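In: Coordinates for the following, if possible.
(one chain, ligands or ions: 1)
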Amino acid sequence: MKIIAGNWKMNGSRELLDEMMGALGELHTENRVILCVPYTMLRSGDVSVMIGAQNVSKYDSGAHTGEISAEMVAETGASVTLGGHSECRAAQQDTNADVAKRAELAIKNDLLPIICVGETADERDAGLTHKIIEQGVRESIPANAKNGGFIVAYEPRWAIGAGITPTTEQIAEAHKIIRDILDEMGFAETYILYGASVTSANSAEIMSIKNVDGVLVGGASLKKDDFIPIIQSVK
Ligand code: PGA
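Out: Numbers count the residues shown, from 1 in each chain. The predicted structure follows:
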C-alpha cells in the first residue's frame with residue numbers, strides 16, 4: 001500500500017471537496033488517500049479518503065487569536081494533519097522544536113501527523129542537505145510518537161511549487177537518510193512520502209524509488225483529472 005496525500009494549501013471549496021470525494025469513492029484503490037484541506041473544509045473522511053488539516057497550533061488552548069488547536073481539528077472528525085510544511089516553517093519561523101510540539105499535540109488528540117522535512121536551495125548548495133534532513137527528522141518527531149503512528153514527508157524546499165523535480169538519485173539519497181534514522185530510532189514501520197512537483201507524469205517513477213512509500217501532492221491534487229491518475233499510477 002502506498003499513501004497518496006494531497007495538500008490543497010489555500011485553494012478549493014467545500015463543493016470541490018464533495019466532488020473530489022465522490023470521484024475518489026468510485027476508485028476502489030488499495031492505496032490510502034489523504035486530503036489536507038483548509039480549516040473551513042474539515043470534516044470526517046470516509047472509507048476512500050482521510051481528511052486532514054494543514055497545520056495545528058503548538059499550544060493546547062488559550063489566548064492565540066486566529067490559531068486552531070489539534071483538539072479542534074479532531075473535533076471536526078478529521079484524522080490527519082500536516083506539520084512543519086515548508087510554507088508554514090517559513091511563514092511562522094517554526095523551528096524543529098515547534099514542529100515537534102505541533103506533532104505532539106496532534107498525536108495526543110489522535111491525529112496522524114505528516115511531519116515535513118527538507119532543505120532549501122541555499123542549504124543544498126552549501127552541502128548541508130544531509131545535516132538539515134537528519135536534524136529535521138530527529139528534532140521534529142515528538143517524544144509521544146509511536147512506530148507507524150506518524151508519517152514523514154521529504155520535501156526539498158527548492159522544488160516545492162516550482163515545477164522542478166529532483167533527480168531519482170537525489171530522492172533516493174534523501175529517503176535512505178530518513179529511513180536509516182527512523183530505523184535507528186525504532187520507527188521502522190513509519191511511511192516516508194516524497195513531496196514537491198509530483199504530477200501524473202512523474203508519480204509512477206517516483207513511487208518506484210526505494211524507500212518512497214507514497215507522495216505528498218500540492219498543485220496536482222486540486223483537479224480530479226490530475227490527482228486520480230497519480231493514485232492509479234502506483235505499480
Ligand atoms: P507542489 O507542492 O506539489 O505544488 O510542489 C507540494 C507541497 O507543498 O506539499
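In: gap between the residue of the chain most remote from its centre and the ligand?
Out: In the chain, counting by C-alpha atoms, centre = their mean, residue 63 sits farthest out from the average C-alpha position, at 27.8 Å. In this view, residue 63 and the ligand are 30 Å apart by C-beta to the nearest ligand atom, to the nearest Å. For glycine as for every other residue, the C-beta is placed from the backbone atoms N, C-alpha and C.
In: Over to residue 30?
Out: Separation of residue 30 from the ligand (C-beta to the nearest ligand atom) stands at 23 Å.
In: wait, doesn't that residue sit right on residue 3?
Out: No. If you go by C-beta atoms under 8 Å, residue 30 and residue 3 don't touch, sitting 11.4 Å apart.
In: In terms of neighbours, single out the busier of these two.
Out: residue 3 (22 against 9; other C-beta atoms under 10 Å).
In: can you count the residues close to the residue lying closest to that one once chain neighbours are set aside?
Out: Using C-beta to C-beta, 6 or more residues apart in numbering and skipping the chain neighbours, the partner closest in space to residue 3 is residue 214 (3.4 Å). Using other C-beta under 10 Å, the number of residues around residue 214 comes to 28.
In: same deal with residue 14?
Out: Residue 14: 12 neighbours (other C-beta under 10 Å).
In: what comes up buried for the host helix or strand of residue 228?
Out: Applying DSSP states H and E as the criterion places residue 228 in helix 224-232. Buried residues in helix 224-232, defined by neighbour count with 16 or more other C-beta atoms under 10 Å: 226, 227, 228, 230, 231.
In: What of stretch 99-112?
Out: Using 16+ other C-beta under 10 Å as the burial criterion, the residues of stretch 99-112 that qualify are 99, 100, 101, 102, 103, 104, 105, 106, 107, 109, 111, 112.
In: dump the residue contacts of the spatially most central residue of the chain.
Out: In the chain, the centroid-proximal residue (C-alpha atoms, centre = their mean) is residue 114; its distance is 4.4 Å. Residue 114 makes contacts with 5, 34, 36, 52, 80-83, 150-153, 193, 216, as judged by C-beta atoms under 8 Å, 6 or more residues apart in numbering.
In: Which residue, other than its chain neighbours, is closest to whatever residue of the chain ends up closest to the ligand?
Out: Residue nearest to the ligand within the chain (C-beta to the nearest ligand atom): residue 218, separated by 2.2 Å. Excluding the flanking residues, the one nearest residue 218 by C-beta to C-beta, 6+ apart is residue 7, at 5.0 Å.
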